[in-house]
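*Asks:* Just the structure for this:
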Amino acid sequence: MKDKLEYLLRFQVENEVVEFKEAKKSYDFHKIGKYFSALCNEANLKHLKRAWLVFGVKDNQTVVGSQFRINPKDLHSLKREIADKTTHRLSFVDIHEVEHPNGRVLLFEIPAAPQGLPIAWDGHYYGRDGESLEPLNLEKIERIRSQNRASDWSSVVLPSASIDDLDPEAIAKARENFIQKNSKLVTDATQWDTATFLNKAKLTRNGQITRAAILLLGKAEASHFLNPASATVTWILKDRDGLERDYQHYGCPLLLSVDQVFHQIRNLKYRYMKEGTLFPEEVDQYDPYIIREALNNAIAHQDYELGGKISVIEFEDGRLCFSNLGQFIPGSVESVIQADAPEGRYRNRFLTDAMVNLNMIDTIGSGIRKMFLIQKKRYFPLPEYDLHNDRVEVTITGRVVDMAYARKLAAYPDLTLEDIFLLDRVQKRKILTDDQAKHLKALGLIEGRKPNFHISVQIADHSGARAQYIHYKAFDDRHYKQLILEYLDKFGEAKRLDINKLILDKLPDVLDVDQKENKIKNLLQALKHEGLIESQGKSWRKSKPK
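*Replies:* Residues are numbered from 1 along each chain as shown. This next block holds a predicted model:
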């Protein structure tokens, strides 16, 4: 549980399934019950097994310690007290006490609401809107209740479809893949007739054609069996300005379309800048495994009932973006990486099983983690997931974005994947929590002040990135002030535009344009307060001696 606490402090902020409370001495019992109901229901909706209520921690993830129910007997009696007022007497999985250097922390482990059953506290359903505690709205209640009515779209039998609606080339390819996946069945598989093979590969049900069979093996003209669902993968090429240059649609059979999309992507060579022997000289922009894994995952986990297409967008600046409709069932990518185990639930179970048998995907839970490790070994940015608006988007970058980050990975090959997650956020200029920044600083990996963290001098020195470090490291303010004063000594006065030209390109690259503008404004105001300069209209001059 110490590891779990450390994970929550480093990688989580308050959201629908994690709540931090100081609770230094006590906490309102009824509010605990409301949070239990809310976190329980939200964990269900996010397809997670657990949610967490944490006492002894501030909202900013600073540990302050809690004396809530210090007596173990009183603490664990809370399980019964909660069960007395919840639906079907649901209660905490466990209440964990963790001794942290800053004090005692309590981790209340809350189970997800059972499938189809929202959980009420004292007769009322609760949920979360971000980090706010709210009554569970009707849409969420209905979404949970409808889970028991949900069926596997991909397993539905199509009575009017037959083997004649399947593509012979796709069937042959499927048999080849099946034999490759199931090497012990080579002799038997080569002798099966088509109907037997389709049953063994779990593409049909008792000889009847399913939606999964049409999706993967169906002829192009057989896609009407899937209406209103779309069996389409769209490839789009965009230039550096985001303008569309080319596109192509691919439909049934998707087993063959995957190869066509793969060959459509322009997987150019990427040449590293030579840095001794730190980097390979030349690699493909995108590892073939990553392309196939991301595309096949999109096919396997698409919510076909939403009627949308799967898309693969290729950007000329060296990025691939794969997207499919539907919620990300594991809840978060971090949970997948940390668990490194199979997901218990699948949207299209029948389709997923068929794709496993055809050697398109696996269900051992390692596919996403392997994608991250491949990018790490190439010193490229980690895959980036966007899980909003009932859509899963994963972006793969096929080049070095921050050479300092690449040098750091090359110089420190034993960094954990969790630490690389955080450093990847730094190179992408994403916000770190206070604890995440504290952790990376303790390892000597970053410098700077929130939110402008950058590569540390230790790494720069170790990896030869001294020049890059100077671009990120700011000079002392006195340096910039002296430049301004010297300019005014020479030219007498300066407009703001003149000062911008003088200073802007000398400020650290870690600052964006607005931050640089504010920096110059603050320098001028500081010089004014020190009595060294004064404004006259739209110009600045040195102050006259009094």
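*Asks:* use CA for all of it now, contacts and neighbours both
*Replies:* Noted.
*Asks:* just the strands in the stretch 251-400 of the chain please.
*Replies:* 269-271, 282-284, 310-315, 319-325, 384-386, 391-397 (DSSP state E, counting those that start in this stretch).
*Asks:* mean confidence for the fifth one?
*Replies:* Averaged over strand 384-386, pLDDT sits at 92.
*Asks:* same deal with the second one?
*Replies:* On average, the pLDDT along strand 282-284 is 87.
*Asks:* That one pairs with which strands?
*Replies:* Taking DSSP bridges as the criterion, strand 282-284 forms sheet pairs with strand 269-271 (antiparallel).
*Asks:* Adding distance to residue 415 and mean neighbour count, write the strands of the stretch 251-400 of the chain out as a markdown table.
*Replies:* Putting the strands of the stretch 251-400 of the chain into a markdown table (distance: least, CA to CA, whole Å; neighbours: other CA atoms under 10 Å) gives the following:
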| stretch | distance to residue 415 | mean neighbour count |
| --- | --- | --- |
| strand 269-271 | 24 | 15 |
| strand 282-284 | 23 | 14 |
| strand 310-315 | 30 | 23 |
| strand 319-325 | 25 | 23 |
| strand 384-386 | 19 | 16 |
| strand 391-397 | 21 | 20 |
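*Asks:* Dump those to JSON lines, plus distance to residue 12.
*Replies:* Below are these laid out as JSON lines (distance: least, CA to CA, whole Å):
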{"stretch": "strand 269-271", "distance to residue 12": "35"}
{"stretch": "strand 282-284", "distance to residue 12": "34"}
{"stretch": "strand 310-315", "distance to residue 12": "30"}
{"stretch": "strand 319-325", "distance to residue 12": "25"}
{"stretch": "strand 384-386", "distance to residue 12": "16"}
{"stretch": "strand 391-397", "distance to residue 12": "20"}
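*Asks:* Point out where the stretch 151-300 of the chain drops to low pLDDT.
*Replies:* Within the stretch 151-300 of the chain, the segments meeting pLDDT under 70 span 273-278.
*Asks:* before we move on, what about the chain?
*Replies:* In the predicted model of the chain, residues 148-150, 273-278, 331, 338-345, 363-365, 455, 457-476, 509-511, 546 satisfy pLDDT under 70.
*Asks:* which residue is nearest the centroid of it?
*Replies:* Nearest to the mean C-alpha position of the chain, by CA atoms, centre = their mean, lies residue 385 at 3.7 Å.
*Asks:* what separates the closest residue to it other than its chain neighbours from residue 426, distance-wise?
*Replies:* Nearest residue to residue 385, sequence neighbours excluded (CA to CA, 6 or more residues apart in numbering): residue 394, at 4.5 Å. Per CA to CA, to the nearest Å, residue 394 is found 19 Å from residue 426.
*Asks:* can you check residue 80 too?
*Replies:* According to CA to CA, residue 80 and residue 426 sit 45 Å apart.
*Asks:* List the neighbouring strands of the biggest strand by length in the chain plus their orientation.
*Replies:* Secondary structure of the chain per DSSP state E: the longest strand is strand 103-111. According to DSSP bridges, strand 103-111 has the following sheet partners: strand 50-55 (antiparallel), strand 94-100 (antiparallel).
*Asks:* after the shortest one comes which helix or strand?
*Replies:* The helix or strand immediately downstream of strand 50-55 is helix 72-76, counting by DSSP states H and E.
*Asks:* after that following helix comes which helix or strand?
*Replies:* Next element after helix 72-76 (DSSP H and E): helix 78-83.
*Asks:* chain center to that next one: distance?
*Replies:* Computed by CA atoms, centre = their mean, to the nearest Å, the chain-centroid distance of helix 78-83 equals 35 Å.
*Asks:* Flag every buried residue along that helix.
*Replies:* Within helix 78-83, the residues scored as buried using 16 or more other CA atoms under 10 Å are 78-79, 82-83.
*Asks:* thinking again about what came up before, for the residue nearest to residue 385, list the residues it contacts.
*Replies:* The contact partners of residue 394, by CA atoms under 8 Å, 6 or more residues apart in numbering, come to 294, 321-323, 383-386.
*Asks:* Now with 10 Å, please.
*Replies:* Counting by CA atoms under 10 Å, 6 or more residues apart in numbering, residue 394 makes contact with 294-295, 298, 312, 320-324, 383-387.
*Asks:* now residue 503
*Replies:* Applying CA under 10 Å, 6+ apart, we find residue 503 in contact with 480-481, 483-484, 516-517, 519-520.
*Asks:* Need the CA coordinates for the helix or strand harbouring it. CSV is fine.
*Replies:* Assessed by DSSP H and E, residue 503 sits inside helix 496-503. Taking C-alpha atoms only, helix 496-503 is exported to CSV below (Å, rounded to 0.1, in the frame of the first residue of the first chain):
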residue,chain,number,x,y,z
ARG,A,496,9.0,48.7,-26.0
LEU,A,497,9.5,47.2,-29.5
ASP,A,498,13.2,48.1,-29.3
ILE,A,499,13.6,46.4,-25.9
ASN,A,500,11.8,43.3,-27.2
LYS,A,501,14.2,43.0,-30.1
LEU,A,502,17.1,43.4,-27.6
ILE,A,503,15.9,40.8,-25.0
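*Asks:* thinking again about what came up before, now, among the buried residues of helix 78-83, which is nearest to residue 206?
*Replies:* residue 83 (45.5 Å; CA to CA).
*Asks:* That closest one touches residue 93, doesn't it?
*Replies:* No. Assessed by CA atoms under 10 Å, residue 83 is found out of contact with residue 93, at 11.2 Å.
*Asks:* quick one on the thing from earlier: out of the strands of the stretch 251-400 of the chain, the one nearest residue 407 is which?
*Replies:* So among the strands of the stretch 251-400 of the chain, strand 269-271 is nearest, using CA to CA, at 15.0 Å.
*Asks:* Nearest approach to residue 132 belongs to which of the strands of the stretch 251-400 of the chain?
*Replies:* strand 384-386 (22.2 Å).
*Asks:* Give me the contact list for that closest one.
*Replies:* Residues outside strand 384-386 that contact it (CA under 10 Å, 6+ apart) are 321-323, 328, 332-333, 372, 392-397, 424-425.
*Asks:* how far is it from where the chain is centred?
*Replies:* Its chain's average C-alpha position is 4 Å from that of strand 384-386, according to CA atoms, centre = their mean.
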